[in-house]
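Visitor: Sequence and predicted structure are below.
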There are 2 protein chains.
Amino acid sequence: MPRLSFWFEFASTYSYLSALRIEALAAEAGVAVDWHPFLLGPIFRAQGWSTSPFNLYPAKGRYMVRDIERIATARGLAFRLPDPFPQNGLAAARLATVGVRDGWVTAFARAVYTAEFADGRDISDETVLAELLHGLGIDPAAAFAAAATTPIRDALRSTTATAESLGIFGAPSFVTAGGELYWGDDRLEAALACALSEPP
Amino acid sequence: MPRLSFWFEFASTYSYLSALRIEALAAEAGVAVDWHPFLLGPIFRAQGWSTSPFNLYPAKGRYMVRDIERIATARGLAFRLPDPFPQNGLAAARLATVGVRDGWVTAFARAVYTAEFADGRDISDETVLAELLHGLGIDPAAAFAAAATTPIRDALRSTTATAESLGIFGAPSFVTAGGELYWGDDRLEAALACALSEPP
């Protein structure tokens, strides 16, 4: 089965849109998805940005909110911009890295995105994250303990470095087995078509 | 007939994609298009950018080229990044402003975009622009004379100020009669659908 890598950052509004639809679209297309939580912060800082471009460039930020409101409405999704924006997604990204290792990254990532962008909850709050883990039948204490270990912290750092080396500069991004990079929820369909068209 | 405003900048690669397809898509949808040449330079400078973001952020620039190559291939269009990039589109934008007044902006804009992004010509070169005008049956001397007048220069400045006041921060952008802003060639279909859905 062709595979597509899905690169996401928990603070990213457009990653929310993709996280909630990629599994259904990929299943329909016959493509397997590899979920890669990474951090945009180091990549943004390397290009001189101290925060989200949607904060640095207010007209772009206002447009993003309206763009996502329209898309969310068309898809029957709730959307609200969290306060503060962007959220600090480090704790969630470390937990999701445990989830990659232990097989629950998809369910966890979707739960985090829904809490953040539909329910307006603070995803840097460990009690919120513990509640989400618990709701998925994952032991929060064990997950937090694993997330604090050096191998998991290093794995997240390494994933972020890999993202940068693949040319990733924003989220969501999609990379095919053949190395084609697609950026943005609006490129998901094209990324899936490309993955299907590549030789095995 | 519903109307859609099309805001374009001659240096913009994604505006090329829209300029070559908007009339066919709009005609099929039953929407009339108003072409608005404007300058991104002043808007970029106001947010601290001295050149195209595709030059300021090289990973984004490399991605843009590949993204457009893929889209152009799918649409049977040629594409090459002009050298230098971005091109200086001021002379072309002043001429296009004459074209708005005199009814030939659509044909002229398409000719400029094709010369720039398909044929790799320098659109800041007056001999190139004269040749394009001549090919469309427009008297180059008269067009250049009109483009140099204060009313036309002021009209372009005023159009750029209007773009900024509409919340436009990039090109191509589309604005419906109801004030909904869409940014990017990939939002053209949604912009047309929105224009059709608005009350007359």
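Guide: Arrived safely. Numbers count the residues shown, from 1 in each chain, chains lettered A, B, ... in the order given.

Visitor: what's next to the lengthiest helix in chain A, contact-wise?
Guide: Ranked by residue count under DSSP state H, the longest helix found in chain A is helix A:58-75. Helix A:58-75 is contacted from outside by A:13-14, A:17, A:20-21, A:52-55, A:77-79, A:81, A:185, B:47, B:164, B:167-170, B:180-183, B:187, B:190, B:194, using C-beta atoms under 8 Å, 6 or more residues apart in numbering or on different chains. Glycine gets a C-beta too; all of them are placed from N, C-alpha and C.

Visitor: From those residues, list the buried ones, please.
Guide: For the contacts of helix A:58-75, burial is judged from neighbour counts taken by 16 or more other C-beta atoms under 10 Å in any protein chain shown, and it is met by A:13-14, A:17, A:20, A:52-54, A:77, A:79, A:81, A:185, B:167-170, B:180-183, B:187, B:190, B:194.

Visitor: Where does A:Asp132 fall, secondary structure wise?
Guide: Just so we're on the same page, residue A:132 is Leu rather than Asp. A:Leu132 is part of helix A:126-135 when elements are defined by DSSP states H and E.

Visitor: what is the mean pLDDT for that helix?
Guide: In this model, helix A:126-135 carries a mean pLDDT of 98.

Visitor: between the helix or strand following it and helix A:126-135, how big is the angle?
Guide: Past helix A:126-135, further along toward the C-terminus, the next helix or strand under DSSP H and E is helix A:140-147. Orientation check (axes from the mean of the first three to the mean of the last three C-alpha atoms, to 10 degrees): helix A:140-147 against helix A:126-135 gives 110 degrees.

Visitor: Mind listing what's buried along helix A:140-147?
Guide: A:140, A:143-144, A:146-147.

Visitor: I'd like the next helix or strand past that helix.
Guide: On the C-terminal side of helix A:140-147, the closest following helix or strand by DSSP H and E is helix A:150-165.

Visitor: so, in contact with chain B or not, the helix or strand following that following helix?
Guide: Counting by DSSP H and E, the next helix or strand C-terminal to helix A:150-165 is strand A:173-176. No. Using C-beta under 8 Å from any C-beta of the partner chain, strand A:173-176 never reaches chain B; the gap is at least 9.0 Å.

Visitor: Mind giving me the packing neighbours of strand A:173-176?
Guide: If contacts are counted by 3 or more C-beta pairs under 8 Å, 6 or more residues apart in numbering or on different chains; DSSP states H and E, strand A:173-176 sits against strand A:3-8, strand A:181-183, helix A:188-197.

Visitor: Make TSV from those and add distance to chain B and mean pLDDT to it.
Guide: Below are the helices and strands packed on strand A:173-176 laid out as TSV (distance: least, C-beta to the nearest C-beta, whole Å; pLDDT from 0 to 100):
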stretch	distance to chain B	mean pLDDT
strand A:3-8	13	98
strand A:181-183	6	98
helix A:188-197	7	98
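
Visitor: Reformat the ones you listed as JSON lines; add distance to A:His36.
Guide: Shown next, in JSON lines, are the helices and strands packed on strand A:173-176 (distance: least, C-beta to C-beta, whole Å):
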{"stretch": "strand A:3-8", "distance to A:His36": "5"}
{"stretch": "strand A:181-183", "distance to A:His36": "13"}
{"stretch": "helix A:188-197", "distance to A:His36": "14"}
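
Visitor: Which one of the ones you listed lies nearest to A:Asp125?
Guide: Comparing the helices and strands packed on strand A:173-176 against A:Asp125 with C-beta to C-beta, the closest turns out to be strand A:3-8 (19.8 Å).

Visitor: partners of the closest one, with directions?
Guide: Take DSSP bridges as the rule and strand A:3-8 pairs in its sheet with strand A:32-37 (parallel), strand A:173-176 (antiparallel).

Visitor: Once you drop chain neighbours, what's closest to A:Leu17?
Guide: A:Asp185 (4.2 Å; C-beta to C-beta, 6 or more residues apart in numbering or on different chains).

Visitor: List the contacts of the one you found.
Guide: Here A:Asp185 is in contact with A:14-15, A:17-18, A:71, A:172 (criterion: C-beta under 8 Å, 6+ apart).

Visitor: again, 6 Å this time
Guide: If a contact means C-beta atoms under 6 Å, 6 or more residues apart in numbering or on different chains, then A:Asp185 has A:14, A:17-18 as its contacts.

Visitor: Between those residues, which sits nearest chain B?
Guide: A:Tyr14 (12.3 Å; C-beta to the nearest C-beta).

Visitor: Next secondary structure after the helix or strand containing that closest one?
Guide: Assignment of secondary structure by DSSP H and E places A:Tyr14 within helix A:13-19. Of the helices and strands lying after helix A:13-19 in sequence (DSSP H and E), the nearest is helix A:22-29.

Visitor: So what's the gap between that next one and the chain middle?
Guide: Distance of helix A:22-29 from its chain centroid, counting by C-alpha atoms, centre = their mean, to the nearest Å, is 16 Å.

Visitor: And stretch A:108-116, by the same measure?
Guide: Stretch A:108-116 has its C-alpha centroid displaced from the chain centroid by 9 Å (C-alpha atoms, centre = their mean).

Visitor: Check stretch A:44-53 too.
Guide: Here the centre of stretch A:44-53 is set off from its chain's centre by 18 Å, with C-alpha atoms, centre = their mean.

Visitor: what's the answer for stretch A:40-49, then?
Guide: For stretch A:40-49 - counting by C-alpha atoms, centre = their mean - the centre lies 17 Å from the chain centre.

Visitor: And it, end to end?
Guide: One end of stretch A:40-49 sits 10 Å from the other (C-alpha to C-alpha, to the nearest Å).

Visitor: So which residues make contact with it?
Guide: Stretch A:40-49 is contacted from outside by A:9, A:160, A:164, A:171, B:57, using C-beta under 6 Å, 6+ apart.

Visitor: Spell out which parts of chain A neighbour chain B.
Guide: Within reach of chain B by C-beta under 6 Å from any C-beta of the partner chain, chain A has these residues: A:47, A:57, A:59-60, A:63, A:167, A:169, A:183, A:186.

Visitor: Pick out the lowest-pLDDT one from those.
Guide: The member of the residues of chain A next to chain B with the lowest model confidence is A:Gln47, at 86 (criterion: pLDDT).

Visitor: Alright, calling it a day.
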